[in-house]
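> quick one, structure for this:
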Amino acid sequence: MRLLTDPKALASIVDTELRALLNQRFQAMSQYQDSYDPEVGYFVIVDSEDTPETLEQATGCPINHGWFDDALYGDEEFVPAWEWLAEHASYFEMVFILGEATIVLLIAKHANINPLLLNLCQSYAIALPILIPE
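Numbering: from 1, shown residues only. Below is the predicted model:
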């Protein structure tokens, strides 16, 4: 996984769709301040080695289970813990709000991403309009 806490890191993002989405989100997180403050939130770009468990350990956000019980994705009682899960053209965007901080996971729609994570995203994501890179 790759953690992004600084908008200056966007220059290293090769994927234009991802870079445009991140730029938009960094701007939104700094709209009430002079500049972006990492305490407001950060972004996690999910890699092929990441699993729901490793992401949960790194972020403290329950991905494969809810906040208040042990029901897992696939169980009838499962209730997602994220605020929203959006589907973009090439990515899923999973958003958690923890107090005053926002944690955003960006999960590519690649075959090499953890299958459980992809299935979970495909099951719950809502489609958003296509983001056209600037």
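> show me the helices in this structure, by range?
16-29, 52-59, 115-124 (DSSP state H).
> quick one: contacts for the residue nearest to the spatial centre of the chain?
For the chain, the residue lying nearest the average C-alpha position, counting by C-alpha atoms, centre = their mean, turns out to be L105 (1.6 Å). The contact partners of L105, by C-beta atoms under 8 Å, 6 or more residues apart in numbering, come to F43, V44, V46, L55, T59, C61, I63, F92, E93, M94, V95, F96. Just so you know, the C-beta spots here come from the backbone N, C-alpha and C atoms, and that holds for glycine as well.
> show me what counts as buried in the least confident helix or strand in the chain by mean pLDDT.
Of all regular secondary-structure elements in the chain, judged by mean pLDDT, DSSP states H and E, the least confident is helix 16-29 with a mean of 86. For helix 16-29, the neighbour count (16 or more other C-beta atoms under 10 Å) marks E17, L18, R19, A20, L21, L22, R25, F26, M29 as buried.
> which one of the contacts of L105 is nearest N112?
The nearest member of these to N112, counting by C-beta to C-beta, is V46 at 10.8 Å.
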